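Asker: structure here, sequence nowhere to be found:
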């Protein structure tokens with residue numbers, strides 16, 4: 001857990017299907033942001049689209065974590081991250097703000113982005 005963010009992995013998440021440690025941090029706007037950070041080496045950051053979450057990358061992370069550092073956040077309002085009832089918290093600029101803060105917090109450099117939508 002990073003930055004003392006409070007988050008728990010719900011019981012419905014299958015450890016067999018999603019065999020990663022769930023990590024949590026606090027976004028710049030105070031939301032709990034869930035992410036996985038598996039492996040070591042050059043970082044690759046997986047970014048899901050709408051309405052997905054990091055679960056979509058489970059097979060890629062499982063296959064690449066022996067060679068790469070695989071980071072996959074869940075945008076606010078998706079997956080295991082917290083929800084917000086404020087519409088503006090779901091705008092692309094706010095997701096980008098949360099991602100930039102996570103990249104800085106994890107001190108990721110020379111990142112490869114893998115994005116889908």
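Answerer: Cool, got the structure. Owing to the predicted nature of the structure, the values given are computational and were not obtained by experimental measurement. Residues are numbered from 1 along each chain as shown.

Asker: count of neighbours near the nearest residue to residue 69 once chain neighbours are set aside?
Answerer: Nearest-residue entry for residue 69: residue 43, 4.4 Å, with adjacent residues in sequence omitted and distances by C-beta to C-beta, 6 or more residues apart in numbering. C-betas here are computed from N, CA, C, even on glycine. Residue 43 has 20 neighbours, counted by other C-beta atoms under 10 Å.

Asker: and residue 77, by the same measure?
Answerer: Quick note: residue 77 (other C-beta under 10 Å) scores 18 neighbours.

Asker: and if you look at the one 3 residues further on?
Answerer: As a burial measure, residue 80 scores 23 neighbours (other C-beta under 10 Å).

Asker: wait, doesn't it sit right on residue 9?
Answerer: Yes - checked against C-beta atoms under 8 Å, the pair residue 80 and residue 9 is within contact range at 6.4 Å.

Asker: now the common contact residues for these two.
Answerer: Jointly contacting residue 80 and residue 9 under the rule C-beta atoms under 8 Å, 6 or more residues apart in numbering are residue 22.

Asker: average pLDDT across the longest helix along the chain?
Answerer: Counting by DSSP state H, the longest helix found in the chain is helix 92-105. Average pLDDT, helix 92-105: 97.

Asker: go on, stretch 59-71?
Answerer: Stretch 59-71 comes out at a mean pLDDT of 98.
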